[in-house]
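1. please find the sequence and the predicted model below.
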Amino acid sequence: MPVLEIYDVNQPVLRQRARKVGRVTSAEQRILDDMLETMRAANGIGLAAPQIGVSQRLIVVELDDVTYQLVNPELTDASDETDVVREGCLSLPNYYGPVERPVRVTVRASDRDGRKVRIKATGMLSRALQHEIDHLDGVLFFDPQRMRSLSDLRYEPPQPDGENADEPSDEQTAKRKSIPVVVSAA
Ligand code: NI
C-alpha cells in the first residue's frame, strides 16, 4: 500500500463536494487502504479522500487502536450540546484553532465490506468523524461556519522528535505567521 501525497487546502479538490460511492468494490477498498497508510505515515487520526485528490465520499479515522474505513458517511443525529476543542488538519500542517462542534453524533455509513454500519460517537471520535465528513462537503475547519475568527488560527512549529504534541508554550503560540490559505467568501 503506497503512502500518497496529501493535498493542501489550496487545491480545488478540497473545496468540491465529493461524489457518492455506488457499490464498494476492490477499487474503493484500495483507496481506503491507501488512505489509512497515508494517514498513519503523517501521524494523523483521520483523512478524507479529497485530501489525496480523490473526490469520493470515503473517510478513514483511527483512534485508540480502532480503525474506521467508511463509505458515504452521513451525520444522522447531533447533540445540542457542543464543545470547543483545538483542531488541526493534515492539509494545513502546523496550524491549529478552536472549533465548536456537537459533542455527540450518530453516523450512518457503509464499512470497507459494504455493510451498513451506525456509529454513536462522543469525544475525539465524534469530532474526528465530523471533521472528515466536512471534508467531503468541501468544508475546512477554519471556515467561518466552523471557527469563529480566522485570527484564532495559530501556527505551532512541529515538536522535536520524540516529543508529543503537547500544548505549546505561550512563546510558541505568540509566534503567529501569515496564513497561507485562500479563504473563500462563502
Ligand atoms: Ni482535515
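-> Sure thing, it's come through.
2. pull the longest helix from the chain.
-> The residue-count maximum for a helix in the chain (DSSP state H) belongs to helix 26-41.
3. grab the most central residue of the protein for me.
-> Glu132 (3.8 Å; Cα atoms, centre = their mean).
4. can you get me a residue count around Asp111?
-> Neighbours of Asp111 under the rule other Cβ atoms under 10 Å: 15. Just so you know, the C-beta spots here come from the backbone N, C-alpha and C atoms, and that holds for glycine as well.
5. got a pLDDT number for it?
-> Per-residue confidence (pLDDT) for Asp111: 98.
6. and the nearest residue in space to it that is not next to it in sequence, which of the three is it?
-> What sits nearest to Asp111 in space, not counting adjacent residues and going by Cβ to Cβ, 6 or more residues apart in numbering, is Val117, at 5.0 Å. Secondary structure, DSSP: H, G, I helix; E, B strand; the rest coil: Val117 is strand.
7. so Val117 bridges to which residues?
-> Per DSSP bridges, the residues bridged to Val117 are Ala109.
8. against Gln69, how distant is the residue nearest to the centre of the chain?
-> As judged by Cβ to Cβ, to the nearest Å, Glu132 and Gln69 stand 11 Å apart.
9. now do the shared contacts for the two.
-> 59-60 (Cβ atoms under 8 Å, 6 or more residues apart in numbering).
10. direction included, what does the longest strand seen in the chain pair against?
-> Across the chain, the longest stretch assigned as strand under DSSP state E is strand 66-78. Paired strands of strand 66-78, with direction, are strand 58-63 (antiparallel), strand 105-110 (antiparallel) (DSSP bridges).
11. quick one: pLDDT of Gln159?
-> Gln159 is given a pLDDT of 79.
12. where are the low-confidence patches of this structure?
-> The model of the chain has pLDDT under 70 over residues 161-186.
13. residue boundaries of the helices in this structure?
-> 26-41, 123-136, 170-174.
14. Val84: which of those helices is closest?
-> helix 123-136 (10.5 Å; Cβ to Cβ).
15. mind listing what's buried in the closest one?
-> 125-136 (16 or more other Cβ atoms under 10 Å).
16. over to stretch 4-12?
-> 4, 6-7, 9.
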